[in-house]
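Peer 1: what's the 3D shape of this:
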Amino acid sequence: MAVVGGSIAGSAFAGAAARLGAERVVVLERSPGRLEDRGVGICTHNDRFDELVRAGHLAEDTRRHRLTIRRWVTRGPVGEGDGRDGRGRALWGQPFPFHSHHWAVLWQALRERAPEQVEFRLGATVTAVGGDAEGAWVEEADGVRHTHDLVIGADGYRSVVRAAVCPQAAPEFAGYVCWRGSYDAALLADLPGGAAVWPEEECITVCYRGGQVVIYRIPGLAPGSTQVNWVFYAPTPAWLRPDGPTGIPAGALTAGQLDGLRQLADRHLPPYWAGLVTLTPRERTFLQPVYDLATPRRTAGRLLLGGDAATVVRPHNTSGAVKALQDAHAFEQAGRAGGSWPALLASYDRERSAVGRELVDLGRTLGRAQVTDAPDWSAMDGPAMTAWWQHQLTGSGGFGGHALGRTEPSP
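Peer 2: Purely as a prediction, here's the structure:
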């Protein structure tokens, strides 16, 4: 089997394919270097993490940072200020049973669990894929085609494999962006009050009309170290043209663009959180337009889609990594139950396509409620916030990811 894309989804699918008995699994990753420098923070719900451990996809000792409460805050009323420590006016303390991860630490944990028949090839650019009911092929940049029994597309939201499975499906711009950043938590000492005014188990959500900032700590690359991670949802800058899946990578923002971010933070955030955002080094700051995508199908012939290649969900759901790992789990379970390639592919498509659509719908609901059609935060208090949150989740169990359901450990 071939897996196109070697990040979290690709690594998880490669492990699942090997456990199903594939004699050889090759993972084709276009990045020429290793992926440890991807410093994005991600979260997993405690229950979802435990399910994935029991199912054999994650190790119990995977490094993570414990979170227990999500503190929603906003700027204080004019004339009243933002409190003694500059953290703003508290709206709600929401129970938050999650763990946070450093993307690269979680990815490395998956890589280390890969069976020996999995080969990772870095710098392998896939330009086209295809196939039929009898097999599949992958063409690389040198023009050479390699045949496989199955090709799995785990190559993200700009997927080459998706273009072959359902060429009409394309990510749809949500109308706003997220700035992102991370850095060593030791830098918090430069803020008034330092790190002490922000308890380590708190995830902070700073609300303003037109956006929000979500802030939490994550494990650093070195064991025992900690980083600050933030996601700043905001209107689309005038200079950005999101006419296709695009973004500004870390280190590529201009001085003027970074100054626009600082002005945005100073204008909308309480002083402590504005200072936290603007502490971020240029080389650790980047911008991503927010997109949605739910493919009408996940398989065609001997091609299969997983992770963001199949479903792009807004980050509000806090389910991105879980979604990818659950895709790989569903593939493995379908392989164990099905007696043929058609049965495997049909079972996987049926189970994960419906879940993907539900997650996309929930992400759109959360995006409207929290960004594009947010309430007047100055009029909100604890009871109002609780009712507002429950209304968003009506009819959905997908915040943090759906329950895995089947959690039999792999032999």
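Peer 1: The worst-scoring helix or strand of the chain on mean pLDDT: how far from the chain's middle?
Peer 2: Scoring the helices and strands of the chain by mean pLDDT, DSSP states H and E places helix 103-112 at the bottom, with a mean of 91. Relative to its chain's centre, helix 103-112 lies at 14 Å (CA atoms, centre = their mean, to the nearest Å).
Peer 1: Show me what it is packed up against.
Peer 2: helix 8-19, strand 41-45 (3 or more CB pairs under 8 Å, 6 or more residues apart in numbering; DSSP states H and E). Where you see a C-beta, it was placed from the backbone N, CA and C, and this is true even at glycine.
Peer 1: Next, format the ones you listed as CSV and append mean pLDDT and distance to Ala104.
Peer 2: As requested, the helices and strands packed on helix 103-112 are exported to CSV (pLDDT from 0 to 100; distance: least, CB to CB, whole Å):
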stretch, mean pLDDT, distance to Ala104
helix 8-19, 95, 10
strand 41-45, 95, 10
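Peer 1: list the contacts for the residue nearest the centre of the chain?
Peer 2: Per CA atoms, centre = their mean, the C-alpha nearest to the average position across the chain is that of Gly320, at 3.7 Å. Applying CB atoms under 8 Å, 6 or more residues apart in numbering to Gly320 gives the contacts Ile42, Asp308, Val313.
Peer 1: hang on, the second one packs against Asp327?
Peer 2: No. Using CB atoms under 8 Å, Asp308 makes no contact with Asp327, being 9.9 Å away.
Peer 1: Mutual contacts of those two, please.
Peer 2: Common contacts of Asp308 and Asp327 (CB under 8 Å, 6+ apart): Ala9.
Peer 1: need the helices for the stretch 101-250 of the chain, in chain order.
Peer 2: In the stretch 101-250 of the chain, the segments counted as helices under DSSP state H, counting those that start in this stretch are 103-112, 160-165.
Peer 1: What count of nearby residues applies to the residue nearest to Pro95 when sequence neighbours are not counted?
Peer 2: Closest residue to Pro95 apart from its sequence neighbours, by CB to CB, 6 or more residues apart in numbering: Ile69 at 6.5 Å. Here the count is done by other CB atoms under 10 Å, and Ile69 has 15 residues near it.
Peer 1: Wait, Ile69 touches Ile204, no?
Peer 2: No. Here Ile69 lies out of contact with Ile204, judged by CB under 8 Å, at a distance of 9.7 Å.
Peer 1: tell me the contacts of Gln370?
Peer 2: Counting by CB under 8 Å, 6+ apart, Gln370 touches Cys207, Gln212, Tyr233, His316.
Peer 1: ok, now with 10 Å
Peer 2: Trp72, Thr205, Cys207, Gly211, Gln212, Val214, Tyr233, Arg314, His316, Trp388, Trp389, Gln392 (CB atoms under 10 Å, 6 or more residues apart in numbering).
Peer 1: Serialize the contacts of Gly320 to TSV and add fields for neighbour count and distance to Leu191.
Peer 2: Converted to TSV, the contacts of Gly320 look like this (neighbours: other CB atoms under 10 Å; distance: CB to CB, whole Å):
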residue	neighbour count	distance to Leu191
Ile42	23	24
Asp308	27	34
Val313	26	32
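Peer 1: which parts of the least confident helix or strand of the chain are buried?
Peer 2: By 16 or more other CB atoms under 10 Å, the buried positions in helix 103-112 come out as Trp103, Ala104, Val105, Leu106, Trp107, Gln108, Ala109, Leu110, Arg111.
Peer 1: just to revisit the earlier point, just confirm the residue nearest to Pro95 contacts Trp198, I think it does.
Peer 2: No. Under the criterion of CB atoms under 10 Å, Ile69 is not in contact with Trp198, lying 11.8 Å apart.
Peer 1: Now list whatever residues contact both of the two.
Peer 2: In contact with both Ile69 and Trp198: Ile204, using CB under 10 Å, 6+ apart.
Peer 1: With respect to Ser7, which of the buried residues of helix 103-112 is nearest?
Peer 2: Trp107 (6.3 Å; CB to CB).
Peer 1: how close does that closest one sit to Thr68?
Peer 2: Distance, Trp107 to Thr68, by CB to CB, to the nearest Å: 25 Å.
Peer 1: again, but for Asp327
Peer 2: For Asp327 relative to Thr68 (CB to CB), the value is 28 Å.
Peer 1: More neighbours: which of those two?
Peer 2: Asp327 (30 against 15).
Peer 1: what sits against the nearest residue to Leu20 once chain neighbours are set aside?
Peer 2: Nearest non-adjacent residue to Leu20, counting by CB to CB, 6+ apart: Gly335, 4.3 Å away. Shown in contact with Gly335 (CB under 10 Å, 6+ apart): 16-17, 19-22, 150, 341, 343-345, 347-348.
Peer 1: for Phe399, same thing?
Peer 2: Applying CB under 10 Å, 6+ apart to Phe399 gives the contacts His45, His316, Asn317, Thr318, Ser319, Leu359, Leu362, Gly363, Leu366, Trp389, Gln392, Leu393.
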